[in-house]
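Turn this into a structure:
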Amino acid sequence: MSGKLWGEISTLKATKLFEQSDASVFKLIYKEAIEVDLLPFGEIENNVRQLTLSKNSFLVMDMSGFKEVHSFTEELTVAEGISLNVCSLEGLVILKLIANNNNPDRTKDIIDIEHILEVYFELNANEIYNDFMGVMELYDTTLNNYLSLVAARIIGRKMKNILLNSTATHQLIKNILAKRLVDIWQAMLEGVSE
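Modelled structure (predicted):
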């Protein structure tokens, strides 16, 4: 199956729109500007959710969360007749938590999640006011991070829905969040645990 991935990477590069990134064999650069990560998952994983690939070097990747998040992708139309399935923000948080847990030196994952928490309320205000008023009442509105706490709790609840059919990944996320004692991460943990 890994041969198929290398074939697809070669096909994309043959279009001359994609170049190989120096950062990773799984990263291509589209039109010299946009990074595209190609990460295979699913049937090619072993029973502990690892993917073993070899081409130029041997690599084992933890693919926990990918199948679960894939089931909740959202279709995004990027141009007339062209649409892509993209990861939801909650799914992205799951994948970034796992990536950081696997490699704590990747602090960018945590920075990305913190940015999502900062903008989440504004991006989802209508849904929050319509469906999550109860969450808004759980926190003191005078707190400087009130909106981020609400966002974290809602993201946690949505992450729980994504992980409903995967006890192992659900528990992994809870364990990761339990190690982060800051109130925002604890709000997310409460949402995942509800």
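
Please list all residues in contact with the residue nearest the centre of the chain.
Nearest to the centroid of the C-alpha atoms of the chain, with distances taken as C-alpha atoms, centre = their mean, sits residue 92, at 1.9 Å. Residue 92 sits next to 69, 112, 116 when contact means C-beta atoms under 8 Å, 6 or more residues apart in numbering. For every residue, glycine as well, the C-beta is placed using N, CA and C.

what comes into contact with the helix or strand encompassing residue 149?
Following DSSP states H and E, one finds residue 149 within helix 146-162. Residues outside helix 146-162 that contact it (C-beta under 8 Å, 6+ apart) are 68-69, 71-72, 88-91, 93-94, 116-118, 120-121, 124, 128, 132, 135-136, 138-140, 143, 170, 173, 177, 183-185, 187-194.

Just the ones of these in helices?
Those of the contacts of helix 146-162 mapping onto helices are 68-69, 89-91, 93-94, 116-118, 120-121, 128, 135-136, 170, 173, 177, 183-185, 187-193, per DSSP state H.

Are any of those buried, and if so which?
Neighbour counting by 16 or more other C-beta atoms under 10 Å classes 68-69, 89-91, 93-94, 116-117, 120-121, 128, 135-136, 170, 173, 177, 184-185, 187-192 among the ones in helices among the contacts of helix 146-162 as buried.

Tell me, what's the model's pLDDT at the residue lying farthest from the centre of the chain?
The C-alpha centroid of the chain is most remote from residue 142, which lies 30.3 Å away (C-alpha atoms, centre = their mean). Looking at residue 142, its pLDDT is 97.

likewise the one 10 residues further on?
Note for residue 152: predicted pLDDT of 98.

And residue 177, by the same measure?
98.

Next, the contact list for the nearest residue to it once chain neighbours are set aside, please.
Spatial nearest neighbour of residue 177, excluding adjacent residues (C-beta to C-beta, 6 or more residues apart in numbering): residue 189 at 3.9 Å. Going by C-beta under 8 Å, 6+ apart, residue 189 touches 156, 174, 177-178, 180.

let's see it at 7 Å
156, 174, 177-178 (C-beta atoms under 7 Å, 6 or more residues apart in numbering).

Any figure for the gap between it and residue 179?
According to C-beta to C-beta, to the nearest Å, residue 189 and residue 179 sit 10 Å apart.

Output the below-cut-off pLDDT ranges for the protein.
1-9, 23-26, 37-63, 78-79, 82-84 (pLDDT under 70).

let's see 90
Where the chain drops to pLDDT under 90, the residues are 1-87, 102-103, 106.

Kindly provide the distance from residue 180 to residue 100.
10 Å.

And these two? Which one has more around it.
Neighbour totals were compared for residue 180 and residue 100, and residue 100 leads with 20 against 15 (other C-beta atoms under 10 Å).

The more buried one contacts residue 106, correct?
Yes: at 5.5 Å, residue 100 counts as touching residue 106 under the criterion of C-beta atoms under 7 Å.

Tell me which residues touch residue 65, please.
By C-beta under 7 Å, 6+ apart, residue 65 lies in contact with 94-95, 98, 169.

Good, wrapping up.
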